[in-house]
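Enquirer: Got a predicted model here, sequence first, then my questions.
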Amino acid sequence: MDRGIIDAILNAGSSELYDLEFAMALATINNETQQILDSAKANGEESPFEKLTPDVARFLLGKAINEQFGSFLTLEEIALTICSIIDEGDFTVTELADMPNYRFIYVLQDFFAKQVEYDFGASTEGAKRDPDIPIILNAVAGKAAKVKGHATYPDDFPRLAQYPGRSFYAWFDGQWNVESTLEGDVLREELQRLRETGSFC
């Protein structure tokens with residue numbers, strides 16, 4: 001790496017470093033997109049990435065940042081997750097761009113969590129019932145409460161909001177993550193059942 005670039009990084013302020021990370025994430029999307037477009041063109045095929053222009057890529061990354069999703073994944077991981085979702089045909093570029101933010105964040109979280117769980121392989125099932133595995137409760141809502149002074153449903157419960165009528169939802173990605181509007185003893189009972197059984201109703 002050029003010495004001037006190294007010096008610029010070392011001397012950059014926090015906002016400048018964040019801008020640099022954003023630019024690198026955007027470049028990741030653009031590189032992934034271009035490779036798939038080139039491959040499709042060479043094979044005479046259409047590509048799902050035709051509409052993932054730099055402006056749209058910037059818009060999608062911005063949606064994740066605006067929802068403070070960068071505290072869960074790096075921007076590069078977000079960029080690669082967006083590319084993978086489109087590449088696997090789960091959603092089109094237009095569908096992702098048009099989604100409400102809470103739905104968009106849920107889609108990213110769900111896809112990334114499934115990839116992580118897949119990588120764990122068979123050992124995941126045993127880990128789910130490990131009493132020492134931590135449970136992260138209402139992470140998004142907690143961050144919202146710190147910023148706004150309160151959390152609201154459905155905006156601050158992106159996963160739970162996908163299951164109308166539910167008051168408790170959990171997923172496993174090496175640790176248990178829970179979103180719930182339950183409180184007190186009822187919540188404690190559900191968390192205890194999750195620890196004991198490795199599943200929830």
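Expert: Yep, it's here.

Enquirer: Mean pLDDT per helix and strand in the protein: which one sits at the bottom?
Expert: The helix or strand of the chain with the poorest confidence is helix 123-128; it has a mean of 50 (mean pLDDT, DSSP states H and E).

Enquirer: Could you give the average pLDDT over stretch 152-161?
Expert: The average pLDDT for stretch 152-161 rounds to 89.

Enquirer: For it, C-alpha coordinates in CSV please.
Expert: The C-alpha trace of stretch 152-161 is given here as CSV (Å, rounded to 0.1, in the frame of the first residue of the first chain):
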residue,chain,number,x,y,z
THR,A,152,-41.5,1.2,19.7
TYR,A,153,-43.1,-1.8,18.0
PRO,A,154,-42.7,-2.7,15.1
ASP,A,155,-39.9,-0.4,14.1
ASP,A,156,-37.5,-1.5,16.9
PHE,A,157,-38.4,-5.1,16.8
PRO,A,158,-37.5,-6.0,13.2
ARG,A,159,-37.6,-9.8,13.5
LEU,A,160,-40.6,-10.0,15.8
ALA,A,161,-42.5,-7.7,13.5
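
Enquirer: Give me the neighbour count for E45.
Expert: The number of residues packed near E45 is 8, by other C-beta atoms under 10 Å. For every residue, glycine as well, the C-beta is placed using N, CA and C.

Enquirer: same check, this time on D87
Expert: By other C-beta under 10 Å, the residues close to D87 number 14.

Enquirer: confidence score at it?
Expert: pLDDT, D87: 86.

Enquirer: and it, what are its phi and psi?
Expert: phi -60, psi -40 (degrees, to the nearest 10).

Enquirer: Over to I135?
Expert: Note on I135: its backbone torsions stand at phi -120, psi 120 [degrees, to the nearest 10].

Enquirer: got a pLDDT number for it?
Expert: For I135, pLDDT reads 85.

Enquirer: Then G13?
Expert: 55.

Enquirer: and after the least confident helix or strand of the chain, which helix or strand comes next?
Expert: strand 135-137 (DSSP states H and E).

Enquirer: ok, residues contacting that next one?
Expert: Under the contact criterion C-beta atoms under 8 Å, 6 or more residues apart in numbering, strand 135-137 has outside partners 175-178, 180, 191, 194-195.

Enquirer: need the strands for this structure, in chain order.
Expert: Ranges of strands within the chain are 135-137, 168-172, 176-180, based on DSSP state E.
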